[in-house]
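S.K.: got a sequence here, can you build the structure:
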Amino acid sequence: MRTDIRVLEVQPYYSQEKAREPLKFGNVVVEECLYCHVRARVENRAGKVADGWGAIFLMDMWGWPTPKVTHPDREEAMRRVND
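M.R.: From the prediction side, this is the model:
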């Protein structure tokens, strides 16, 4: 697939964020979790460069819903996959 946009750089930033209200997913209640902010720098064919931002909660309970791996280990794995 051909595109007019070329990705120059992607930088993730992490922070622990507290929810305004506890979130309940199945039998898990989440009051804070790891939040991943991402800055992307792109360039078009004309050489114009732009920066954009996005963010998402990294909910290890959804990605690896197993009690066999600890929450800190699952969270660290999500961080490493995104870096």
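S.K.: got the CA coordinates for the lowest-mean-pLDDT helix or strand in the chain in PDB?
M.R.: The helix or strand of the chain with the lowest confidence, counting by mean pLDDT, DSSP states H and E, is helix 60-63 at a mean of 74. Once side chains and other backbone atoms are set aside, the C-alpha atoms of helix 60-63 remain, and they are given as PDB (Å, rounded to 0.1, in the frame of the first residue of the first chain):
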ATOM      1  CA  ASP A  60      -3.200  -5.500  31.500                       C
ATOM      2  CA  MET A  61      -6.300  -7.100  33.000                       C
ATOM      3  CA  TRP A  62      -7.700  -7.200  29.400                       C
ATOM      4  CA  GLY A  63      -4.600  -8.100  27.600                       C
END
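S.K.: in stretch 37-57, what's buried?
M.R.: Buried positions in stretch 37-57, judged by neighbour count with 16 or more other CB atoms under 10 Å: 40, 42. (Each C-beta comes from the backbone N, C-alpha and C, glycine too.)
S.K.: and Gly26, what does it touch?
M.R.: Contact partners of Gly26, counting by CB atoms under 8 Å, 6 or more residues apart in numbering, are Pro65.
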